[in-house]
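Enquirer: what's the 3D shape of this:
(4 chains, ligands or ions: 4)
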There are 4 protein chains.
Amino acid sequence: MSKKGLKIATIGGGSSYTPELVEGFIKRYDSLPISELWLLDIPEGEEKLTIVGNLAKRMVEEAGVPMTIHLTLDREKALQDADFVTTQFRVGLLDARAKDERIPLKYDVIGQETNGPGGLFKGLRTIPVILDIIKDMERLCPHAWLINFTNPAGMVTEAIYRHSNWRKVVGLCNVPVGIKMGVAKALDVEADRIHVDFAGLNHMVYGMDVYLDGKCVTEDVINKITSGDSSMTMKNIVDIGWEPGFLKALNMLPCPYHRYYYKTSDMLAEEKKNAAEEGTRAEVVQQLEKELFELYKDETLRTKPEQLEKRGGAYYSDAACNLIDSIYNDRGDIQPVNTLNKGAIGSIPDDSAVEVNCIITKDGPKPLAVGDLPVSVRGLVQQIKSFERIAAEAAVSGDYDQALLAMTINPLVSSDTTAKLILDEMLEAHKEYLPQFQ
Amino acid sequence: MSKKGLKIATIGGGSSYTPELVEGFIKRYDSLPISELWLLDIPEGEEKLTIVGNLAKRMVEEAGVPMTIHLTLDREKALQDADFVTTQFRVGLLDARAKDERIPLKYDVIGQETNGPGGLFKGLRTIPVILDIIKDMERLCPHAWLINFTNPAGMVTEAIYRHSNWRKVVGLCNVPVGIKMGVAKALDVEADRIHVDFAGLNHMVYGMDVYLDGKCVTEDVINKITSGDSSMTMKNIVDIGWEPGFLKALNMLPCPYHRYYYKTSDMLAEEKKNAAEEGTRAEVVQQLEKELFELYKDETLRTKPEQLEKRGGAYYSDAACNLIDSIYNDRGDIQPVNTLNKGAIGSIPDDSAVEVNCIITKDGPKPLAVGDLPVSVRGLVQQIKSFERIAAEAAVSGDYDQALLAMTINPLVSSDTTAKLILDEMLEAHKEYLPQFQ
Amino acid sequence: MSKKGLKIATIGGGSSYTPELVEGFIKRYDSLPISELWLLDIPEGEEKLTIVGNLAKRMVEEAGVPMTIHLTLDREKALQDADFVTTQFRVGLLDARAKDERIPLKYDVIGQETNGPGGLFKGLRTIPVILDIIKDMERLCPHAWLINFTNPAGMVTEAIYRHSNWRKVVGLCNVPVGIKMGVAKALDVEADRIHVDFAGLNHMVYGMDVYLDGKCVTEDVINKITSGDSSMTMKNIVDIGWEPGFLKALNMLPCPYHRYYYKTSDMLAEEKKNAAEEGTRAEVVQQLEKELFELYKDETLRTKPEQLEKRGGAYYSDAACNLIDSIYNDRGDIQPVNTLNKGAIGSIPDDSAVEVNCIITKDGPKPLAVGDLPVSVRGLVQQIKSFERIAAEAAVSGDYDQALLAMTINPLVSSDTTAKLILDEMLEAHKEYLPQFQ
Amino acid sequence: MSKKGLKIATIGGGSSYTPELVEGFIKRYDSLPISELWLLDIPEGEEKLTIVGNLAKRMVEEAGVPMTIHLTLDREKALQDADFVTTQFRVGLLDARAKDERIPLKYDVIGQETNGPGGLFKGLRTIPVILDIIKDMERLCPHAWLINFTNPAGMVTEAIYRHSNWRKVVGLCNVPVGIKMGVAKALDVEADRIHVDFAGLNHMVYGMDVYLDGKCVTEDVINKITSGDSSMTMKNIVDIGWEPGFLKALNMLPCPYHRYYYKTSDMLAEEKKNAAEEGTRAEVVQQLEKELFELYKDETLRTKPEQLEKRGGAYYSDAACNLIDSIYNDRGDIQPVNTLNKGAIGSIPDDSAVEVNCIITKDGPKPLAVGDLPVSVRGLVQQIKSFERIAAEAAVSGDYDQALLAMTINPLVSSDTTAKLILDEMLEAHKEYLPQFQ
Ligand SMILES: [Mn+2]
Ligand SMILES: [Mn+2]
Ligand SMILES: [Mn+2]
Ligand SMILES: [Mn+2]
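Expert: Ligands and ions are numbered 1, 2, ... in the order given. Below is the predicted model:
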């Protein structure tokens, strides 16, 4: 890595999340000496990039760290000799997400950013772009690590393993850290006393065992949850409780997204109600973002505004900055990330992406072996992995039948007939971002 | 095996299917010299046993084969020194099946004999009885083969492997032979020119490749099906076509029961309509059976009546008799049966039950290795296997939470909350047959 | 396949074994209507090709079957539109084999045609030639089946799977049929009453269970062997008995070549004695062949001469002709061959070659699943597979260090230092046939 | 764990190594507050126990830590409520080891403490004793961790997993730390800048990759070794260099014991020479120990004497104390230990023992997944695992044929005939310690 300090390139730099990231980098400057942060965006995002970029510059100035912020629309310049490339872009912006959420609902199917038909289409739009970025990275910064936040992070990481030769990639999500924080809150202890054995797939990860000061307390935590404690939730997912008996027999912590699978009908009803009353999540977020960018414009604002927390990306910055810091400094600490399985989870092929606790080293994440998943969840996890792989193939090939197969085998889609109706409507709605299907 | 001819014990001998079986044995008498056929039933079934048993006696007499038919309510006598034990009993009779079909529908969930909540409860009622029979077999006929027709045949076979030491068991189903016959009809050729590579689980089996005179014609057959040919169906499952693109990308033949998973919402709508208009399948069958037993009473009837075919068990007799014949005669022919996996299907544990093409020998079935299943179906198959294993555990333990877990992870059940409602209602409805849950 | 009768191309057609093959084809003409048999050889083998080819013509004439024998040095012509290609060539002829046998002995290491350093060098010489033939087949007869007799058949088949895209290949060996015949002889019954469950690798295959009329008699057979019966041997391997206790605990039938691994020091002593007294096996065979070709020249000879049996290739013809017949006629019978594992043997990768019982169909061999090998042999089998894979890589790459690695990890080679000495001497001795190492 | 400080029980407390252990505990007293150290031995060892125990008491007194040393021959008292149990006993003492080393040499077979016939017999003597200790632990200290130093540590750990229900066990060896230290010395850097990815089995472990400050330097280290650097060795194994080409193609660091397998003939020659000139290793050690105990008797000696280092157990104390410290303090650091595989190494069953890098937590070691081992070593590792499993079965069953099978499949034994000769002589020589074979 470069001698004079690190160069980071952030693709989708105009995101409202950027102040989170910048704050994280500023806080860690001593151990993670970033000299250049390149915020890259596309022409349609130039206005937002300018607003958030200028805030970033003011934050750095205020903090007094020697980090230069570069704003650019030129991918070549951003990637050239970068040490880390982080992605937080959204193909089609929140408008596309709103369609991902709205269209399936018409067919009584969950509409969600990363699950079901919405997740499929986010993947179809995103994967070709990521693979294109990687082609540039091979040329411009072959030693860089790609830290991928862009959702669906599991499917995207799988696609990179299956459809490119790039291996220096980590998929990242704030769900595991959210679970850990929730456990700490539920037990009313400091978070650093809690350890959770995470294993599964992105947005399909289980807390297999929970430890307090090294002692296994899984059963206690499950009792807490089933007796009504609701801290095990996340802001962007409605709060519906689990059946106590189900959770006791499962004997693991599900993640919030598991509700789409284990509480499908309840979530659907809730989603439909929300969409009617206050709009889908994307629509709510669009309003929030509008307000945020108004705030960001204020030239007297020189630190991350508190309002950003409502946006829902709690711990994203910490997850990303801690990961980059541990790779750069070869820390060898444990973090749950999306990486090559290598046998860590028995039911999943060695060469697939999994979300699992890893030791983070300069050589990247090294997964902790968990053996086979408990029988009760092996099927669902395998099914999502099947879906991710077929979806990634469809994203690359642009094959209509493959996309229909992916949609039909998704456990949230109720029939092949419905799958076809949704597929056709969504292909039309997103056609601008799906050139491979023309 | 016994020198003077074979002894067969048929548990649930009073079934309306028995004439099928008897006809099959008569036809094969030369190669399969059965000297004693013991039809066993429970006191509640004595009347039907007498009726069908007497018909069996007349059939044997008419055919002029030296086979003795014994009717008994005494399991000891029936099992003593048997060479083969076949099971076709139904705990709770068709009344219980009607509940399995009706109750889930109330909650907008598929109600079916072997799938979803109905399949779970049929398993909960049946597995303890089968394990009890096996205890008797260990004592009374330790060298016998158990040929299990009793549904859910996959879950029952899995339960035997997991919860007993008995290994001389084969689970049997007529679905694969039905698919083969359907293919032959679709291609308008003799069935013996067709070979299908079957692999999967019971009622979740795929025709991975189809051969005509040894030449692979999978694609042709899929084109036939997607272009409207409807012969790939079975009488007891409503006829709804597949989306052509889905099937082409799947590139295998699904079995009729796959429609519950790939066409859930359509099947549910159909089921609800049928239940309202003509009754559930069990209710229809109850009427059919009534008529059949009226027929059977006719003392001039000395052969299997044609009307039996409507009952839906096409090829059951052939499947069973061919299997017994091939074991007895060490034929080494290929038959699709439920047996220990032994690595034949990559995604499934070696010590689980699978439905797969086997060589049938005196030493039992030896599965043909198919490698891993295609990615697209690995998840669903794994999920059903997960369900079968948790369900079998609940059947043995009588643990409420395990049963709730099994119900919730079943892909046909829409949420843990719904699962609990259905579970509670069904536990109450079937409590007479579920002593382990008291 | 061609309408007017089959075309077979035999590479290495000038071999002394050819009359075996021709006799096999003549006997099966009714079911296997071969219209053209092309015997191909290289210029150095032209004289032998002419002698044996003319005998073949006389045999066909004598038998009165309408099969044309073509003798040629032109590979293009031989392969053009062939239905089956059989290989029985030997790169470097028996002179090379003699070196494979002699050189290792100098270093107190087993010198053998297919095992140890000899097997490695036979592979290094043969694999590039086979891969070259396959390139021609892809162009000239893309629908043909390659039936490979050329040793080391296991390593060659592995190399084809790893280093080409050709999948219509079967590796063939007469060892399993020899074991079966030996068992029949030991039990004094007709061979067709015996069935053996074979599994392992080529020349490393185990008879996992033995059946007489379908009944398992493994223990009886092992008792026969350990009590002094010596029929379980083959002519080209010296007859040394097994330790009874070892074989009883192993509880399987080893193959004759297993003696090199389980009786290394005894075999080495025997080999050294034989080499000193009567010459190595290659040298003995050279003399035998000289006599055979003298016989073949006799124009009055119009059938296979009895003396051929001494050559050691018992059952080769039967194995080959039965395989071709079963593929052509889609027989679905069981034969032990070298094919893709596909999960049949648990310890071996799905995409490696194994020697295992298969159903033989028009679509090729379909392996029977045996699950994992017994713990006691899992290591040795894995070790030979490791050796085969590294050796195949060295054969393709011509990399000296890879070859040294292959030699060193071979269980018959006693140290890396010795490995290097043998490697250097053999590379020099065979350099004419190892252009990839120049 | 106990509130008032930890209780440690050391079985074989009279060992000459005990001062190492005591020194390690004293150094770590602040983080590892041991209040009671129980040194347990058998009556035959009472004299040595008294000598070394008194030295331990003086060491503790000198250091001024409040740790009580208890000397006892009563296993009940030693184990009662222990927090950790460490084992360093030797069934049959060094006399037995001398036989393990001498007898095989007579038959031109490696005689070694933990490999070949010697390792087998050490296992046969040790495993029943360990399983007996575990029975006591289940009763007396069910929450204790068993830290097993007793060799053959891999086979013993495997035996515990296969033949008991005890899971709180870690097998420990100083070979990996020795390799790491050797690498540091070879690169002339501080050891804590070096990280090695260890994977394999006990005494069959590979350094799969080496890192300096997080950067992979495997190739550099291999170049150092092959260019003559000899620091990669251990005192108790003679120093013979590797063939450079072999090591380059292997592309991993072998451990010193690998020389028995990759340099068998050289090691045998060396062993025979040493045995003739200076005695076997056990005989040399016996002399060393005599001198050590003379030293220990000196009442003015109040610290670990320097001469102990010659004994060969470098890093044993550090390995043990660091492990106990990390378990007690839930440190989460990486240590290479023998533990349940759980999928960490692809070729080895999930429920077998492996030696692999683990995170050490209060809940025990959690292995890092390495995927499948490189093809070149998969066979040898599998073979040693096969040997360990069959040997452990023989140790438990006392079955002669199983023991012969274990001996024969060991790669260091040259034939089944030789195996039987060695087995018979060693069974007789050790019969006092092998009651299960009577
Ligand atoms: Mn996420
Ligand atoms: Mn069925
Ligand atoms: Mn052979
Ligand atoms: Mn050690």
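
Enquirer: Could you pull up phi and psi at A:Gly5?
Expert: phi 120, psi 160 (degrees, to the nearest 10).

Enquirer: So the nearest residue to it once chain neighbours are set aside, which state does it fall into?
Expert: Take A:Gly5 and drop its neighbours on the chain: the residue closest to it by C-beta to C-beta, 6 or more residues apart in numbering or on different chains is A:Ser35, 2.8 Å away. Quick note: C-beta positions are derived from backbone N, CA and C, even for glycine. Using DSSP: H, G, I helix; E, B strand; the rest coil, the structure places A:Ser35 in strand.

Enquirer: and if you look at A:Pro336?
Expert: With three-state DSSP as the basis, A:Pro336 sits in strand.

Enquirer: Near chain B, which residues of the stretch 251-400 of chain A? Just list them.
Expert: By C-beta under 8 Å from any C-beta of the partner chain, the residues of the stretch 251-400 of chain A that approach chain B are A:262-267, A:347, A:375-380, A:382-387, A:389-390, A:399-400.

Enquirer: Of these, select the buried ones using a ChimeraX command.
Expert: Selection of buried members from these for ChimeraX, criterion 16 or more other C-beta atoms under 10 Å in any protein chain shown:
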select /A:262,263,264,265,266,267,347,375,376,377,378,379,380,382,383,384,385,386,387,389,390,399,400
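
Enquirer: Now do the same contact list for the residue nearest the centre of chain A.
Expert: Geometric centre of chain A, nearest residue: A:Cys173, 4.0 Å, by C-alpha atoms, centre = their mean. Going by C-beta atoms under 8 Å, 6 or more residues apart in numbering or on different chains, A:Cys173 touches A:149, A:153, A:202-203, A:205, A:319, A:338, A:355.

Enquirer: Phi, psi for the residue of chain A most remote from its centre please.
Expert: Distance from the C-alpha centroid of chain A, by C-alpha atoms, centre = their mean, peaks at A:Thr300 (31.5 Å). Main-chain torsions, A:Thr300, degrees, to the nearest 10: phi -80, psi -10.

Enquirer: re the thing from before, name the SS class of the residue nearest to the centre of chain A, please.
Expert: Applying three-state DSSP: A:Cys173 is coil.

Enquirer: picking that back up, tell me which residues touch the residue farthest from the centre of chain A, please.
Expert: Going by C-beta under 8 Å, 6+ apart, A:Thr300 touches no other residue.

Enquirer: What sits closest to A:Ala403 if chain neighbours are left out?
Expert: Spatial nearest neighbour of A:Ala403, excluding adjacent residues (C-beta to C-beta, 6+ apart): A:Ala394 at 4.1 Å.

Enquirer: Please work out how many residues are found near the one you found.
Expert: A:Ala394 has 25 neighbours, counted by other C-beta atoms under 10 Å in any protein chain shown.

Enquirer: Would you quantify the distance from it to A:Glu355?
Expert: Distance, A:Ala394 to A:Glu355, by C-beta to C-beta, to the nearest Å: 22 Å.

Enquirer: quick one on the thing from earlier: what strand or helix carries the residue nearest to A:Ala403?
Expert: Per DSSP states H and E, A:Ala394 falls inside helix A:375-397.

Enquirer: got it, and A:Gly279?
Expert: If you go by DSSP H and E, A:Gly279 is not part of any helix or strand.

Enquirer: Quick check: phi and psi on it?
Expert: Dihedral angles for A:Gly279 - degrees, to the nearest 10 - are phi 100, psi 160.

Enquirer: Return the residues in contact with it.
Expert: Remark: with contacts taken as C-beta under 8 Å, 6+ apart, A:Gly279 is in contact with nothing.

Enquirer: Enumerate every residue touching the residue in the stretch 151-300 of chain A that chain D sits nearest to.
Expert: Using C-beta to the nearest C-beta, A:Gly214 is the residue of the stretch 151-300 of chain A that sits closest to chain D, at 2.8 Å. A:Gly214 makes contacts with A:195, D:330, D:361-363, as judged by C-beta under 8 Å, 6+ apart.

Enquirer: can we see that at 7 Å?
Expert: D:330, D:361-363 (C-beta atoms under 7 Å, 6 or more residues apart in numbering or on different chains).

Enquirer: so which pair among the contacts of A:Cys173 is furthest apart in space?
Expert: A:Phe149 and A:Val205 (15.7 Å; C-beta to C-beta).

Enquirer: between those two, who's got more neighbours?
Expert: A:Val205 (28 against 24).

Enquirer: surely that one meets A:Cys255?
Expert: Yes. Using C-beta atoms under 7 Å, A:Val205 is in contact with A:Cys255, at 5.1 Å.

Enquirer: Can you pull the residues that touch both of these two?
Expert: A:Val175.

Enquirer: thinking again about what came up before, look at the residue nearest to A:Gly5 and say how many residues are nearby.
Expert: 16.

Enquirer: Among the contacts of A:Gly214, find me the one that's closest to A:Val109.
Expert: So of the contacts of A:Gly214, ranked by how close each gets to A:Val109 (C-beta to C-beta), first place is D:Asp363, at 41.2 Å.

Enquirer: State the pLDDT value of the spatially closest residue to that closest one that is not a sequence neighbour.
Expert: Closest residue to D:Asp363 apart from its sequence neighbours, by C-beta to C-beta, 6+ apart: A:Cys216 at 6.1 Å. We have a pLDDT of 95 for A:Cys216.

Enquirer: now the angle from the longest helix along chain A to helix A:375-397?
Expert: Longest among the helix segments of chain A by residue count, using DSSP state H, is helix A:116-140. Counting by axes from the mean of the first three to the mean of the last three C-alpha atoms, to 10 degrees, helix A:116-140 lies at 60 degrees to helix A:375-397.

Enquirer: So which elements touch helix A:116-140?
Expert: With contacts defined as 3 or more C-beta pairs under 7 Å, 6 or more residues apart in numbering or on different chains; DSSP states H and E, helix A:116-140 has these neighbours: helix A:75-79, helix A:93-106, helix A:153-163, helix A:375-397, helix A:400-409, helix A:416-429.

Enquirer: Which residues of the stretch 201-350 of chain A lie near chain D?
Expert: A:211, A:213-216, A:330, A:332, A:334, A:342-344, A:346, A:350 (C-beta under 7 Å from any C-beta of the partner chain).

Enquirer: Can you go through those residues and name the buried ones?
Expert: A:211, A:214, A:216, A:330, A:332, A:334, A:342-344, A:346, A:350.

Enquirer: nearest to chain B, of those?
Expert: A:Gly346 (9.9 Å).

Enquirer: what about that closest one, distance to C:Pro349?
Expert: On the measure of C-beta to C-beta, A:Gly346 and C:Pro349 end up 16 Å apart.

Enquirer: just A:Leu71 next, same as before
Expert: Counting by C-beta to C-beta, the gap from A:Leu71 to C:Pro349 is 51 Å.

Enquirer: Let me see the ranges of the strands in the stretch 151-300 of chain A.
Expert: Secondary structure of the stretch 151-300 of chain A (DSSP state E, counting those that start in this stretch): strands located at A:169-171, A:194-201, A:204-212, A:215-216.

Enquirer: and the shortest one, how far from the chain's centre?
Expert: Put plainly, it is strand A:215-216. 29 Å (C-alpha atoms, centre = their mean, to the nearest Å).

Enquirer: what are the pairing partners of that strand, and which direction each?
Expert: Strand pairing for strand A:215-216, determined by DSSP bridges: strand A:204-212 (antiparallel).

Enquirer: could I get the partner strand in PDB with only the CA atoms?
Expert: Taking C-alpha atoms only, strand A:204-212 is exported to PDB below (Å, rounded to 0.1, in the frame of the first residue of the first chain):
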ATOM      1  CA  MET A 204     -30.000 -14.600   6.200                       C
ATOM      2  CA  VAL A 205     -27.500 -14.800   9.000                       C
ATOM      3  CA  TYR A 206     -28.100 -16.600  12.300                       C
ATOM      4  CA  GLY A 207     -26.600 -15.800  15.700                       C
ATOM      5  CA  MET A 208     -25.800 -19.500  16.400                       C
ATOM      6  CA  ASP A 209     -24.600 -18.800  20.000                       C
ATOM      7  CA  VAL A 210     -24.300 -15.800  22.200                       C
ATOM      8  CA  TYR A 211     -21.600 -15.300  24.800                       C
ATOM      9  CA  LEU A 212     -21.400 -12.800  27.700                       C
END
